[in-house]
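Trainee: mind folding the following:
(chains A and B)
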Amino acid sequence: MTIKVKVVERPMEEVSYLRATAKGLALTFKHLVDPHKVTVQYPDERWDISPRWRGTHRMLTTEDGKAKCVACGLCPTVCPANCIKLVPGEDEDGNRYPLVFEIDEFRCIFCGYCQEVCPEEAIHVGRHYENAEYSRDRFVYDLQRLMEQQHGVCEMWDPSDPKGE
Amino acid sequence: MTAPGGHQLVNLTIEGRPVSVPAGTSILEAAKTAGVLIPHYCYHPGLPVAGSCRMCLVHVEKSPKLMPSCATAVAEGQVVQVHEPRADEARKGVLEMLLINHPLDCPICDKSGECELQDFTYQEGPAHSRLRDPKRFNAAEDFGGDVLYVANRCILCTRCVRFMESVHQDAVLNVSERGDRAVIGRTEGGDLARPWAGNVVDVCPVGALLSKDFLNKARVWELDRAASICTGCSQGCNIMIETRDTSVVRLKPRPNPDVNAFFMCDHGRLDYRWMNRQDRCAAPATGAGESDWDSAVTAAADALEGRRAHIVASASLDNEVFWLLGRVAKKTGGTVAFAVPTGPEAPLPGARDLALRADRVANATGAGLLGAARKDDPFAGVGPGDALVIADLDPAGVPVSALEAAGAVVWLGTVHPGSLSKLNAALPVANVAECEGTLTNLRGRVQRHLQARPAPGMARPAWSALADILMALGEEAGYQTAEEAFAAMAAAVPAFTGMTYATIGLRGAVVASSAEGAP
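Mentor: Predicted coordinates for the structure are as follows:
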């Protein structure tokens, strides 16, 4: 069975690609001379991230280099993703401290509740986004790793807006 | 109208709810029956009333001032208001005063999460402190025994002082110093290394008296709890087994006025590490090595076939287990025997019929009722015609001579049998924290214990393993749950007639042949 195809006769100026090509190239050449740049030349250039950015964690330390954490257990309790493992213990001075403190950054949803709930201002979410690793198990950050992080930490609310708190 | 005990009933209204309680009840206790918790610190139902903390102040209509509800008896037609502006204001004031010197170190305090100061401050306390002066500081002090005293957190409710004075009747603690320097002190040379002194940790409403054993181990809100029975002695104190990530971290007394009031002894309290032991029997085995349950049960039945069962059991096993062991013995013409380790008896003078008993096993009474014999040497008389069945004993306690004399050996244990010189079948079973069951205390009270943690590996409750062996021997024993096994036992043994798990509940029920309170 043959199929009848209706062929629409259009004028030449509509079916020609020349006009569209010229239009596209005009935009390309416009950007070539336009001083407004969108692309960031990473890693030579980086974007400024918000003071409220919530990235991978960091544990703050006291002046003598110990973790501020007292193993109170509030962060594993509040964590909605259940990604913090904490086993409390006692150090040689009888002070409470975390024997094990691990955060599984894969499970973390970066809500920042751990920082908000911490009574000692010890655990923080970081202003940091470069997390690439060569193996999956490197994404479970232990206490040592969390203390070694040097990046900035999140301001939970905009400091210029006191009502935000 | 009179109450069952012959007391006159008094009708009153608490928070708009009508309540009828026996005359002489305090308003605080009456409120509990109406489901109203009046905040309190110095009051504890197991201790004499002090009326010193002023936290339980309530408004009683037609009374000129607020009344301490712990020390005020109910009266006919009383109208009590707990949440009323004047009473709320008074309690808020009390809380503000208590918090003046309280360090608010909840993040590192073990009591956090079950602290009454924390709870009531959240409920109705002041949101901010008006104090600008530094707080008082006192160093923590080791009180001996299992108790650590953190003076900073103490609110001087004197519950611990009254416990030691009136219940333990060994007045080691007192309030030393006066005014804002007051702390709990010990008498000259006195310490809390006493059999029941650990209860001061439970009566303390704040984190001032802490268990050194539990110190910094876990946060209380992470713990899972299961009602159970202490197996430290034949008293059968009701307890809560508290677990963190399936390992038992502490035992707490569970109130039962018929058995242990509100208390448990330190011997029982600290005797929980065996529940977590790692050298457990986790896989069934036959003489040839590890196997599956079917082969091991067949091997056990083969070992018993044509031999008399000489059963030696731990007297802390459940009633259901002793009944099934008795049936195995009856089927094969054998005997069930158990030994009872003993220790010094340590009574708690201020409580009725409560002591750390000399018999340091939980179910000697139940074993006796179910036909097992108490013997000094339960392994004596094992001969070549006997199949030695060892139920829940330590392999170190099994004499080699008995193993060699026996015709066959069946191991039914929580602990790995190790390298016994003779072994026909080993069946891994759950311990008391890992299965449901009942125990009978020395007064004949049958009490249930629930499962607190999973059993290791392929281990099964002992009643389930024994039921399989009985069925392999051609007996009727198809029980799916501990409740079914208990129901079958109640139908067969006169002492347990009429009992079910539902009627025993969590308070226990006394067996038919023994009157409670009789020696």
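Trainee: drop to CA atoms for contacts and neighbour counts, all remaining ones
Mentor: Noted.
Trainee: longest single helix anywhere in chain A?
Mentor: In chain A, taking DSSP state H as the definition, the longest helix is helix A:18-33.
Trainee: list the beta-bridge partners for residue 58.
Mentor: Looking at chain A here, since you left the chain open. Beta-bridge pairing of residue A:58 under DSSP bridges involves residue A:124.
Trainee: was after chain B, sorry
Mentor: Counting by DSSP bridges, the residues bridging with residue B:58 are residue B:67.
Trainee: so what's the residue in the stretch 251-400 of chain B that chain A sits nearest to up against?
Mentor: In the stretch 251-400 of chain B, the residue that lies nearest chain A is residue B:276 (17.3 Å; CA to the nearest CA). Residue B:276 sits next to B:247, B:248 when contact means CA atoms under 8 Å, 6 or more residues apart in numbering or on different chains.
Trainee: ok, residue B:31 touching residue B:16?
Mentor: No: the criterion here is CA atoms under 8 Å, and residue B:31 misses it with residue B:16 at 10.9 Å.
Trainee: neighbour count for those two, which is higher?
Mentor: Higher neighbour count among residue B:31 and residue B:16: residue B:31, with 23 against 12, using other CA atoms under 10 Å in any protein chain shown.
Trainee: OK, contacts around residue B:265?
Mentor: Here residue B:265 is in contact with B:195, B:196, B:197, B:198, B:199, B:356 (CA under 8 Å, 6+ apart).
Trainee: for it, give its distance to residue B:199.
Mentor: Between residue B:265 and residue B:199 the computed distance is 7 Å (CA to CA, to the nearest Å).
Trainee: ditto for residue B:381
Mentor: Noted for residue B:381: a distance of 45 Å to residue B:199, by CA to CA.
Trainee: contacts only, for the residue of chain B found nearest chain A.
Mentor: Closest residue of chain B to chain A, CA to the nearest CA: residue B:107 (4.5 Å). Going by CA under 8 Å, 6+ apart, residue B:107 touches A:70, A:71, A:72, A:73, A:74, A:119.
Trainee: try 6 Å
Mentor: residue A:72 (CA atoms under 6 Å, 6 or more residues apart in numbering or on different chains).
Trainee: which residues in chain A form strands?
Mentor: Using DSSP state E, the strands found in chain A span residues A:55-59, A:84-90, A:96-104, A:123-126, A:140-141.
Trainee: end to end, how far does stretch B:325-345 reach?
Mentor: One end of stretch B:325-345 sits 30 Å from the other (CA to CA).
Trainee: check stretch B:64-78 too.
Mentor: Its start and end residues considered, stretch B:64-78 measures 14 Å (CA to CA).
Trainee: got the buried residues for it?
Mentor: Using 16 or more other CA atoms under 10 Å in any protein chain shown as the test for burial, stretch B:64-78 gives B:66, B:67, B:68, B:69, B:70, B:71, B:74, B:75, B:78.
Trainee: wait, what's in contact with the third one?
Mentor: Taking CA under 6 Å, 6+ apart as the contact definition, residue B:68 lies against B:56, B:57.
Trainee: quick one, domains of chain B?
Mentor: Domains of chain B are assigned by automatic domain parsing as B:9-98, B:102-222, B:285-510.
Trainee: which of the ones you listed sits most buried?
Mentor: Mean neighbour count, computed with mean count of other CA atoms under 10 Å in any protein chain shown, is highest for domain B:285-510 among the domains of chain B, reaching a mean of 20.
Trainee: mind checking how far that domain is from the chain centre?
Mentor: Taking the mean of its C-alpha atoms, domain B:285-510 sits 21 Å from the chain's own mean (CA atoms, centre = their mean, to the nearest Å).
Trainee: where in the chain is pLDDT low?
Mentor: Reading this off chain A. For chain A, residues meeting the criterion pLDDT under 70 lie at A:158-159, A:161-165.
Trainee: ah, I was thinking of chain B
Mentor: For chain B, the stretches flagged by pLDDT under 70 are B:1-6, B:513-519.
Trainee: show me which residues of the stretch 201-350 of chain B sit near chain A.
Mentor: Counting by CA under 6 Å from any CA of the partner chain, the residues of the stretch 201-350 of chain B lying close to chain A are residue B:216.
Trainee: let's see 7 Å
Mentor: On the criterion CA under 7 Å from any CA of the partner chain, chain A has as its neighbours in the stretch 201-350 of chain B the residues B:216, B:217, B:218, B:219.
Trainee: is the second one in contact with residue A:90, as I believe?
Mentor: Pointing back at residue B:217 there. No: assessed by CA atoms under 7 Å, residue B:217 is found out of contact with residue A:90, at 8.8 Å.
Trainee: which secondary structure elements does the helix or strand harbouring residue B:93 sit against?
Mentor: Using DSSP states H and E, residue B:93 sits within helix B:85-98. If you count contacts as 3 or more CA pairs under 7 Å, 6 or more residues apart in numbering or on different chains; DSSP states H and E, helix B:85-98 packs onto strand B:57-60.
Trainee: give the other helices and strands that the strand it packs on contacts.
Mentor: Here strand B:57-60 touches strand B:67-68, strand B:79-81, helix B:85-98, going by 3+ CA pairs under 7 Å, 6+ apart.
Trainee: all helices of the chain, in order?
Mentor: No chain in the question, so chain A it is. With helices called from DSSP H, chain A shows them at A:12-15, A:18-33, A:74-78, A:113-117, A:143-148.
Trainee: sorry, I should have been clearer: chain B.
Mentor: Assigned by DSSP H, the helices in chain B fall at B:27-33, B:85-98, B:116-124, B:159-162, B:199-203, B:266-269, B:293-304, B:319-332, B:364-369, B:400-405, B:462-472, B:482-492, B:501-504.
Trainee: and of those, who's closest to residue A:113?
Mentor: Nearest to residue A:113, of all the helices of chain B, is helix B:116-124, at 20.5 Å by CA to CA.
Trainee: next up, the contacts around the nearest residue to residue B:281 once chain neighbours are set aside.
Mentor: Leaving aside its sequence neighbours, residue B:281 sits nearest to residue B:416 (CA to CA, 6 or more residues apart in numbering or on different chains; 3.9 Å). Listed by CA atoms under 7 Å, 6 or more residues apart in numbering or on different chains, the contact partners of residue B:416 are B:279, B:280, B:281.
Trainee: OK, now which residue of chain A is nearest to chain B?
Mentor: Nearest residue of chain A to chain B (CA to the nearest CA) works out as residue A:72 at 4.5 Å.
Trainee: burial check on that residue, number of neighbours?
Mentor: Using other CA under 10 Å, residue A:72 has 27 neighbouring residues.
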